[in-house]
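Asker: got a sequence here, can you build the structure:
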Amino acid sequence: MEGDYHGRPRWAARDAAVGLTLSRYDPAQVIDLHRHKTAYLCVVLAGAFNEVSDGMNDACRAGSVVVHPAGEAHANRFAPRPAVCLNVTVANEALDGVGRSVLHDSIVTVAVLRVLSHVSASDRGALHAVADLRWAIEVETHRGDRPSWLGDVRARIERGASTRTVAELAREAGVHPSHLLRVFASQYRVRLGRFLKLRRVARSVSLIATGELPLTDIAFESGFADQSHMTNVLRAETGMTPTSIRRLAAL
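Answerer: A predicted model of the protein is given here:
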């Protein structure tokens, strides 16, 4: 479950289902083309880098998640400031059929932080958190046989519409709200309201990790009533607070 992530390891933990390595990368560090034997996720907590893989050049920043299938080749060039990444090794079968993906403000980040909090505490919730992580990966990466209008709803949410109401999303999609709720839950195995909440949490994590905005502004930008509301939801969904996330990003 362990791997070399070409940075300076700051912290590591693992159990039977998942391995976690927090790594720090130097400003302007370059990592030549390489592969990893096992599948893993890279969650960017601070800084930024460009990753080249199979002709694609993706910009990754705080809040991004890069999904790496086993054996996938990639190279990295970091921005001129330090970066911190949480690399999460999972069983290869957890990413069966999933290609390389770069996700932004993703519910995968929320699930990874929950795994981190449980593994760090060595409690019994870790296996359930890993199951949630696998579900989050499937939801974010699978774009199979689903109605085109539902794909449009997902695209709107990913562009920042997580603060909109179900009625607004349904009206824009041209369907009845109850139909949207029913089809969304059937296709993604989660209620739309909960999915929107997780996306708001993911957005807040991205903004918190950068450390550039006051928490009151982040709460507003992420669609929460106030800072206290954001902190309570964040703790409930990830087991972490804004302070602990910023501390993690600064290691």
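Asker: okay, helices next: where are they in the stretch 51-200 of the chain?
Answerer: Taking DSSP state H, counting those that start in this stretch as the criterion, the stretch 51-200 of the chain carries its helices at 107-121, 126-141, 148-158, 166-173, 177-188, 192-210.
Asker: which of these has the lowest mean pLDDT?
Answerer: Mean pLDDT is lowest for helix 126-141 among these, at a mean of 81.
Asker: quick one on the thing from earlier: make a markdown table out of the helices of the stretch 51-200 of the chain and add distance to residue 31 and mean neighbour count.
Answerer: Bear in mind the C-beta positions are built from the backbone N, C-alpha and C, glycine included. Listed next are the helices of the stretch 51-200 of the chain as a markdown table, based on distance: least, Cβ to Cβ, whole Å; neighbours: other Cβ atoms under 10 Å:
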| stretch | distance to residue 31 | mean neighbour count |
| --- | --- | --- |
| helix 107-121 | 21 | 23 |
| helix 126-141 | 23 | 19 |
| helix 148-158 | 28 | 15 |
| helix 166-173 | 40 | 17 |
| helix 177-188 | 34 | 16 |
| helix 192-210 | 21 | 22 |
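Asker: just send those helices back as JSON lines, with distance to residue 79 too.
Answerer: Shown next, in JSON lines, are those (distance: least, Cβ to Cβ, whole Å):
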{"stretch": "helix 107-121", "distance to residue 79": "19"}
{"stretch": "helix 126-141", "distance to residue 79": "24"}
{"stretch": "helix 148-158", "distance to residue 79": "23"}
{"stretch": "helix 166-173", "distance to residue 79": "35"}
{"stretch": "helix 177-188", "distance to residue 79": "34"}
{"stretch": "helix 192-210", "distance to residue 79": "12"}
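Asker: mind listing what the residue nearest the centre of the chain touches?
Answerer: Note on the chain: the residue nearest the mean C-alpha position is residue 109, at 2.5 Å, using Cα atoms, centre = their mean. Taking Cβ atoms under 8 Å, 6 or more residues apart in numbering, we find residue 109 in contact with 43, 63, 65, 103, 202, 205, 206.
Asker: thought the fifth one was touching residue 113?
Answerer: No - in terms of Cβ atoms under 8 Å, residue 202 does not count as a neighbour of residue 113; the distance is 9.5 Å.
Asker: for the residue nearest to the centre of the chain, give its distance to residue 71.
Answerer: 24 Å (Cβ to Cβ, to the nearest Å).
Asker: which strands and helices sit next to the helix or strand hosting residue 235?
Answerer: Element membership for residue 235, per DSSP states H and E: helix 227-238. The contact analysis (3 or more Cβ pairs under 8 Å, 6 or more residues apart in numbering; DSSP states H and E) places helix 227-238 against helix 107-121, helix 192-210, helix 215-222, helix 242-249.
Asker: now the first one, how far from the centre of its chain.
Answerer: Just to be clear, that refers to helix 107-121. When distances are taken as Cα atoms, centre = their mean, to the nearest Å, helix 107-121 is centred 10 Å away from the chain's centroid.
Asker: same question, the second one
Answerer: The gap between where helix 192-210 is centred and where its chain is centred comes out at 9 Å by Cα atoms, centre = their mean.
Asker: do the same with stretch 76-90
Answerer: With Cα atoms, centre = their mean, you get 14 Å for stretch 76-90.
Asker: for the residue of the chain most remote from its centre, grab phi and psi.
Answerer: Most distant residue from the mean C-alpha position of the chain: residue 176, 30.0 Å away (Cα atoms, centre = their mean). With angles defined as degrees, to the nearest 10, residue 176 sits at phi -70, psi 140.
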